[in-house]
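what would the 3D arrangement of this be:
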Amino acid sequence: MIQFLGEYDVPVDEKGRIFLPAEFRRKLSPETEDTLVVVKGLDGCLTAYPQQAWAEIATKMTRLPQTDPKVRVYIRGMLSQAAEVKLDRQGRANLPRKLLERVGISDRMVIIGALDKIEFWNPEAWSQFMLQADSALEEVAESLEL
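This is a model prediction of the structure:
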């Protein structure tokens, strides 16, 4: 399983292009993992999944009860805004402007590794999230029994 770790502040150009950090690119197989599926994530960020991780999520989603209105809302809301983003040879990804705008990303973003996925954050939203997370981290860790 791929494990993405770390935090990186990166520029976003006027076309929505970013350079994926080299540490993350090295963990992607050039033959099979040159495409990321980017969706609006939870907590106000974008989430990018390598193809293999996305395939597992898609399989789980197809098993959800389609008769449940909450399931339909979740699937429609997530997938209607999803995009397949191909990395070029230099490790650049062109993120759709509408996705960037949905989470308030303009000319800079924070990219974090989140185990099997990558998250793209508005820098101010990331700072706010971390302020809240720092104060609760120990309590949450104790409850999870890691």
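
run through the chain and note the low-pLDDT ranges.
For the chain, the stretches flagged by pLDDT under 70 are 29-33, 145-146.

could you pull out the strands for it?
7-11, 17-19, 35-40, 46-50, 83-86, 92-94, 108-114, 117-121 (DSSP state E).

how about the closest residue to residue 3 other than its chain neighbours, what does it touch?
Nearest residue to residue 3, sequence neighbours excluded (CB to CB, 6 or more residues apart in numbering): residue 115, at 5.6 Å. Placement of C-beta: from N, CA and C, glycine included. Taking CB atoms under 8 Å, 6 or more residues apart in numbering, we find residue 115 in contact with 1, 3, 4.

let's have these in a markdown table, adding neighbour count and distance to residue 101.
What follows is those, written out as a markdown table (neighbours: other CB atoms under 10 Å; distance: CB to CB, whole Å):
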| residue | neighbour count | distance to residue 101 |
| --- | --- | --- |
| 1 | 7 | 32 |
| 3 | 9 | 30 |
| 4 | 21 | 24 |
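
switch those over to JSON lines; also include distance to residue 120.
Formatted as JSON lines, the contacts of residue 115 follow (distance: CB to CB, whole Å):
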{"residue": "1", "distance to residue 120": "21"}
{"residue": "3", "distance to residue 120": "18"}
{"residue": "4", "distance to residue 120": "12"}
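
next, the buried residues of the longest helix seen in the chain.
Of all segments of type helix in the chain, defined using DSSP state H, the longest is helix 123-144. Across helix 123-144, burial judged by 16 or more other CB atoms under 10 Å covers 125, 126, 129.

do the same with stretch 69-80
By 16+ other CB under 10 Å, the buried positions in stretch 69-80 come out as residue 78.

please enumerate residues in contact with that stretch?
Here stretch 69-80 has contacts from 39, 40, 61, 64, 65, 66, using CB under 8 Å, 6+ apart.

got a ChimeraX select line for the buried ones in these?
Buried residues among those (16+ other CB under 10 Å), as a ChimeraX selection:
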select :39,40
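
from the contacts of stretch 69-80, pick the one nearest residue 94.
Nearest to residue 94 among those, counting by CB to CB, is residue 39 at 15.9 Å.

fine by me, we can end here.
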